[in-house]
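**Student:** attaching a predicted model along with its sequence, questions to come.
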Amino acid sequence: MKGKLTVCLLAVLTASLIASQIPRAQAGWSALNSGYAVTTDWHGADVPMGTSVTATAGTTDGTVESVEFIWKAPDGTLVWTATVPVVPSGDTWDGKPISIAQDTRVLGAPVGDWGVQAIFHGPGGKIHKGQGDDIVRIRATSFFVVPEVSFGAIAPLVAGLCALALLKRKRL
């Protein structure tokens, strides 16, 4: 009985570890209550270094023509900018069609909490709110970049300690 329980616990642990490594789906458009939102395909998940991250900005404002994406490193320095035209997504929010723009970047160092801002531009490149008022409309999201090891930053530490223990054992 004890052996079956051990096997069952190991199976559950293994399944949990595998499931934790699957990238999470994009966050929903819950921020579209304001008419503007931005998210990433790694929203709420740790991003391994060297992985592509896609930022998606969405709006229900039909006057938005393009979105300027601003990618910032953990220390707040500007790393990339890109202005991308919006296209219809085929989805709706509260009965209004959603238009989206996407920008993809491969992230490397530095490790930490990266951020993406989306600035929505209307006719003539004006930064606007819609309904004719020129107002800055910025939305932001963030994600955490970690060293590229499948089980997180603790795996190299454990591997190193195991190697030291094995080396010490062989010398005795």
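**Tutor:** That came through, no problem. Numbers count the residues shown, from 1 in each chain.
**Student:** could you point out which element follows the lowest-mean-pLDDT helix or strand in the chain?
**Tutor:** Taking mean pLDDT, DSSP states H and E as the measure, the chain has helix 2-20 as its least confident helix or strand, at a mean of 47. Following helix 2-20 in sequence order, the next helix or strand is strand 36-40 (DSSP states H and E).
**Student:** element containing the nearest residue to residue 84 once chain neighbours are set aside?
**Tutor:** Once flanking residues are discounted, residue 84 sits nearest to residue 101: 4.1 Å by CB to CB, 6 or more residues apart in numbering. The way it works is simple: take the backbone N, C-alpha and C, and place the C-beta from them, glycine included. Remark: residue 101 resides in strand 96-106, with elements defined by DSSP H and E.
**Student:** which of the residues in that strand are classified as buried?
**Tutor:** 98, 99, 100, 101, 102, 103, 105 (16 or more other CB atoms under 10 Å).
**Student:** which of these sits closest to residue 55?
**Tutor:** Minimum distance to residue 55 across those is 5.2 Å, recorded for residue 103 (CB to CB).
**Student:** tell me who's in contact with the closest one.
**Tutor:** Applying CB atoms under 8 Å, 6 or more residues apart in numbering to residue 103 gives the contacts 54, 55, 69, 71, 82, 84.
**Student:** from residue 44, how far out is it?
**Tutor:** As judged by CB to CB, to the nearest Å, residue 103 and residue 44 stand 19 Å apart.
**Student:** cool, residue 79 as well?
**Tutor:** Relative to residue 44, and taking CB to CB, residue 79 is found at 21 Å.
**Student:** try residue 122
**Tutor:** For residue 122, the distance to residue 44 - CB to CB - is 30 Å.
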